[in-house]
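Chemist: Fold the following, please.
(2 chains)
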Amino acid sequence: MNFKMVGRILSLILAVEAVLMLPAVGICFFDKDYFVAACFGVTIVITAVIAGILAIFGRDARMEFYAREGFVSVGLCWILMSLMGCLPFYFSRQIPNFIDALFEIVSGFTTTGSSIIPNVELLSRGLLYWRSFSHWIGGMGVLVFLLAIVPLNGKNAGFTLHLMRAESPGPDVGKLAPKMRETAKILYIIYIALTVLDFLFLLMGGMSVFDSVCTAFGTAGTGGFGVRADSIASYSPYLQNVTTVFMLLFGINFTVYYLLLLKNFKQALKDEEIHLYLGFFAVATIIITGNIAKMYPSIGDAARHAAFQVASIMTTTGFATTNFDNWPVFSKTILLMLMIPGACAGSTGGGMKWARINILTKTLVRNIRRMLHPRRVERIRVNSNVIDEKVVDNTSAYLAAYCAIAVASLLVISFDGLTMESNISAVIACFNNIGPGFAQVGPEMNFAIYSPLSKIVLIFDMLAGRLEILPILILFTKHTWTVSKR
Amino acid sequence: MKIIIGGGGKVGGVLVEKLSAEGHDLTLIDSDRQTLERSIENFDIMSYNGNCASYDVLIQAGVEEADLLIAAAASDEINLLSCFTAHSINPSIKTIARVRNPEYSTQAYTMRKQFGLSLTVNPERHAAAEMRRLLKYPGFLKRDTFAKGRAEIVELKIDEKSPLNNIVLKDLGSVIKCQALVCAVLRDGKAEAPNGNFRLQKDDRIYVSAPSKNMSVLLDNLGVVARKTKKVMIAGGSTISYYLAKLLELDGIEVTIIEKDEEKCQELSRLLPGATIINGDASAQDVLDSEGIRETDALVSLTGMDELNIIISIFGNICKVPQIITKVSQLNNNYVTEDLSIGSIITPKESVAYTIVRYVRAMSNQAGAAVSIHTIAEGQAEAIEFVVDANTLNAGVPLKNIRLRNGVLICGIINGVNTEIPNGDSVFNEGDSVIVVASVGTVLMQLNDIFIV
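Modeler: Numbers count the residues shown, from 1 in each chain, chains lettered A, B, ... in the order given. Next comes the predicted model:
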């Protein structure tokens, strides 16, 4: 393991994080909230000092960098970044418990949106902004951001691919342009452009600038932290519909936008994953609308809430316009089921990704056919391209790891005495980076009721879910930490 | 520049390494997923799985916007078809094809318009030409010429009896009595940039730059016997053997080729009426002995197997053959080959890759781009020739007042009349050619990159 090189990457990430905290300081000064500004200041200094120490540690790093170094860097980087990111909450005593503060920022960076704060309107605006901004940073990924701005070239510059593969969601991550830096830039330009567009649409609907910025960040990262206690419910129907549309847009694979920019409409429109994603969105919305129609004054209202909630759950955002915990069990079950596939690969959304569901379904069909014709040879195709068997294998292994972690987490948190429905939805909501669950962790409740141990388990689930398990699991293998003797 | 490389084999692999280091946008097409995986994990490039001659694959790889296609797949036919297809899709694209089969070389040249070919390269012929240059000047392990043949960098191995053994470099002039500069030393497999206090030792391999006209003086004063090569023995009847024999025939050198396969012998004898073709196993001691390995002036090991070539060359060394050349195509272990007494080592894929890199540099058409580039010291250093132009910094400033980047050395200045091995007072002016030696990590795209600004 090349720890020095890992240290160098961590130091760069922390430096980037310190810079990204500066706007929050500005907001604190604007509000004359000097105490919180000082808390941010202290955090920035600590972060910079640690970055400096890591930079010194990694100054004479060898350039050897392989897949495992990539995974370890990404895993450690997210943990370290969260440890630094939670300090302003902790120092300002607005979240007095350290575990709670960590839970909150991990929920932010992983774009989960689960909160332990009973009433967010009591937080100071600097902290509210930092909470929402963490969604935006985590959505596309900090390392991808780093790849876009810092020239990490060297003798074997291919190592940047390991970083991107470890951080970007999806079964088969590839480049958009020959140079990694270009690829990262394209992704971030699309991301920034869509975020700005969302912000402008919200602003036009009469939302305040601060609320628009935070809501746009929450939507873009498919995170779900709101600035009001009732999430999006008290905003106008126009603002809710804008948010529905943008949540859906951010849940689409960004490669599709790139293909559209290149005017390659044919390839962009035939993407199977998007057909699945939008198809399930439409079907679920129609069914739920019918199911909840009686609860709302008009069918239009019911459709608006149903579409918003389905989009919010599918893209793993977790905003709410209504307390969907009061919906009929049938609708709630559909929402729970939609939590698991989540959004598209290569988007900012979480979950298992429709691309994986697609591959898994096709594998299942193939294996059934194989039982009928044992000698049949058949390759799995997606978008009429043959998928490498390695990807198929990895997808099956991913499913196994996914189930194992979900079951183990459920077991641990069930000690706390909450209802089964709460526990199951809490694990699924955290692991798939959604946010609110049902019953005691429903949209109007929060996660503060869990014990510290359960919170740590859920923090692990959020990180594992965002980084797609492997970068976090690899930190728990002995092999990772063996230092070469020579 | 946007470059597509078809085929990530031997030549393709070296090209990916060199061209990605120079900052080009590379896309590699190969039909083998493992090759692609290895390449994208090591280099910042994009990859496509498929056949590089297929229309669809080329379109996907972005041939419409590409500036250059280098077809280096396994077969000549695929390479030519690939260039032809690419050129039909994008008429402004430049293409380079590797064409191995001598039967195609004429038509590749005469039909270069139809195929859209800008350059064809033949690794075997390149290797043969390089071997011929070495055979003309026995005593040097490697020889690179610059500025249209007016300056050279030669590689020498210092043995016990060499007059250079135990000499401190600042006393070099008194030994060799002509202008020359040691620009790199390879000791224990590591290249070093020597200063004036560096003491040469037995088994060092040194790289000396000198004006071409001084070469014979240099040879004399170093005690290297510059006898003319008259008889050459080639072990193995490969394509390179054919090219080499053909070239040596022009020089009036007597060639013996030993080849195991009888059909190949028949074919060689048909193609090379002047050469002696022996049907026998070149790895068998008695065959080499009976064909006069002890009388030959040079032995060239060119069988298809690296291991066999090395063993044949070691045997040649035991038989005290004055000059030995060994072809090593796959082995990527300089530490091993450098320690063996197998004479000069030629790696065909590298020499051909450098030809292409040179072409690409010329194509980028940057102000002050390198005119030519040669690797020395087992690929650990590069000797690059630049032309000083109006934009070059520090023109007319004595070298002792210029700060150069670490690991960079100016080891030749060639102006209209004179080839000068520089000292602290030397200057270069617009229009001069400058030879720079740099360690391979320092990418020098233009002459100004050598200065600390």
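Chemist: do the helix or strand hosting B:E77 and chain A meet at all?
Modeler: Under the criterion of DSSP states H and E, B:E77 resides in helix B:76-89. No. Helix B:76-89 is not in contact with chain A by Cβ under 8 Å from any Cβ of the partner chain; minimum separation 15.6 Å. From N, CA and C alone the C-beta is placed, and that goes for glycine too.
Chemist: List the contacts of that helix.
Modeler: Contact with helix B:76-89 is made by B:4, B:6-7, B:51-55, B:58-59, B:63-64, B:66, B:69, B:71-73, B:93, B:95-101, B:104, B:108, B:114-117, as judged by Cβ atoms under 8 Å, 6 or more residues apart in numbering or on different chains.
Chemist: Give the ChimeraX command for selecting the buried subset of the residues you listed.
Modeler: Provided next is the ChimeraX selection string for whichever of those are buried by 16 or more other Cβ atoms under 10 Å in any protein chain shown:
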select /B:4,6,7,51,52,53,54,58,63,66,69,71,72,73,93,95,96,97,98,99,100,104,108,115,116,117
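Chemist: Among the contacts of helix B:76-89, name the ones in helices.
Modeler: B:55, B:58-59, B:104, B:108, B:114-115 (DSSP state H).
Chemist: Just flag the most distant two among those residues.
Modeler: B:I59 and B:Y104 (26.0 Å; Cβ to Cβ).
Chemist: who touches the residue in the stretch 51-200 of chain B that chain A sits nearest to in this structure?
Modeler: Nearest residue of the stretch 51-200 of chain B to chain A: B:G62, at 8.7 Å (Cβ to the nearest Cβ). Contact analysis of B:G62 by Cβ under 8 Å, 6+ apart lists B:2, B:4, B:27.
Chemist: mind running it again at 7 Å?
Modeler: B:2, B:27 (Cβ atoms under 7 Å, 6 or more residues apart in numbering or on different chains).
Chemist: Repeat that for A:R376.
Modeler: A:369-370.
Chemist: That one sits in which helix or strand?
Modeler: A:R376 is part of no helix or strand, with elements assigned from DSSP H and E.
Chemist: In contact with the residue of the stretch 251-400 of chain B found nearest chain A, which residues?
Modeler: Chain A sits closest to B:Q380 of the stretch 251-400 of chain B, with a gap of 12.7 Å, by Cβ to the nearest Cβ. Contact analysis of B:Q380 by Cβ under 7 Å, 6+ apart lists B:191, B:439-440.
Chemist: list the buried ones in stretch B:268-278?
Modeler: B:268-269, B:272, B:275, B:277-278.
Chemist: Make a markdown table out of these and add secondary structure and pLDDT.
Modeler: Below are those laid out as a markdown table (DSSP: H, G, I helix; E, B strand; the rest coil; pLDDT from 0 to 100):
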| residue | secondary structure | pLDDT |
| --- | --- | --- |
| B:L268 | helix | 90 |
| B:S269 | helix | 91 |
| B:L272 | coil | 89 |
| B:A275 | coil | 89 |
| B:I277 | strand | 91 |
| B:I278 | strand | 90 |
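Chemist: So which bits of the stretch 351-453 of chain B are right by chain A?
Modeler: B:G441 (Cβ under 7 Å from any Cβ of the partner chain).
Chemist: Tell me which residue in the stretch 351-453 of chain B sits closest to chain A.
Modeler: Closest residue of the stretch 351-453 of chain B to chain A, Cβ to the nearest Cβ: B:G441 (6.9 Å).
Chemist: which phi and psi does that residue have?
Modeler: The phi and psi values for B:G441, taken as degrees, to the nearest 10, are phi -60, psi -30.
Chemist: same check, this time on B:K2
Modeler: phi -90, psi 120.
Chemist: Is it in contact with B:V63, as I believe?
Modeler: No. B:K2 is beyond contact range of B:V63, at 9.4 Å (criterion: Cβ atoms under 7 Å).
Chemist: what's around A:K266, how many residues?
Modeler: 8 (other Cβ atoms under 10 Å in any protein chain shown).
Chemist: make that A:L411, sorry
Modeler: 12.
Chemist: likewise B:M46?
Modeler: Residues within reach of B:M46, counting by other Cβ under 10 Å, total 24.
Chemist: doesn't A:K179 make contact with it?
Modeler: No. The criterion here is Cβ under 7 Å, and B:M46 misses it with A:K179 at 8.4 Å.
Chemist: Check the spacing between the residue of the stretch 351-453 of chain B closest to chain A and B:G407 real quick.
Modeler: 7 Å (Cβ to Cβ, to the nearest Å).
Chemist: I'd like to know how many residues surround A:I380.
Modeler: 20.
Chemist: Check A:I334 too.
Modeler: 23.
Chemist: more crowded one of B:G441 and B:G407?
Modeler: Neighbour totals were compared for B:G441 and B:G407, and B:G407 leads with 17 against 13 (other Cβ under 10 Å).
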